[in-house]
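In: here you go, sequence then predicted model.
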Amino acid sequence: MKLGWCDICLNVEDLEASRNFYESFGFEVVEGDAERKYYVMKNDSARIGLYKDAFEGFMLNFRGGDVFANSAILKEKGLEFYSGPTEGKEGGASATILDPDGNMIFLDTHPDELEPEYQKKVGVLAHLIDE
């Protein structure tokens with residue numbers, strides 16, 4: 001099973017204060033903005049998502065994999081989904097599953113995420129994605 005890459009996503013109280021804090025560690029914004037209430041930030045191969053009012057706690061967001069194929073494998077293993085898998089309005093797909101402690105695991109793929117130019121833009125290594 002190829003899940004794609006992983007963003008660790010944090011629920012934050014003050015989006016700009018959190019962005020500034022992580023910039024101190026050398027992270028740079030590669031996606032999102034204040035208007036959409038989120039930033040995805042990157043430092044080398046480390047990626048974090050900062051989200052305001054989107055979910056509680058934290059979440060592992062696996063992006064760029066085949067959501068439907070991975071969901072089928074997980075269902076065969078007896079895991080139950082919190083939501084999905086569903087296809088997005090513009091393509092792509094998503095599904096959510098909770099681990100035994102209630103932590104959210106989000107499988108998510110946007111239509112352009114498998115494209116090499118997108119991977120280059122957000123600093124994802126192409127070998128992490130199924131070809």
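Out: Nice, I can see it. As the structure is a prediction and not an experimental result, all values here were calculated from the model.
In: the residue nearest to E13 when sequence neighbours are not counted: what's it in contact with?
Out: The shortest distance from E13 to any non-neighbouring residue, by CB to CB, 6 or more residues apart in numbering, is to K52 (7.8 Å). (C-beta placed from N, C-alpha, C; glycine too.) By CB atoms under 8 Å, 6 or more residues apart in numbering, the residues touching K52 are 11-13, 15, 37-38.
In: what residues are bridge-paired with the closest residue to E87 other than its chain neighbours?
Out: With CB to CB, 6+ apart as the criterion, E87 has its nearest non-adjacent residue at 5.2 Å, and that residue is A93. Applying DSSP bridges to A93 gives these bridge partners: E87, T109.
In: contacts only, for A93.
Out: 67-68, 84-87, 107-109.
In: what would these look like in TSV with neighbour count and pLDDT?
Out: As requested, the contacts of A93 are exported to TSV (neighbours: other CB atoms under 10 Å; pLDDT from 0 to 100):
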residue	neighbour count	pLDDT
V67	25	91
F68	15	91
G84	17	87
P85	21	92
T86	14	91
E87	12	88
L107	26	94
D108	20	90
T109	24	87
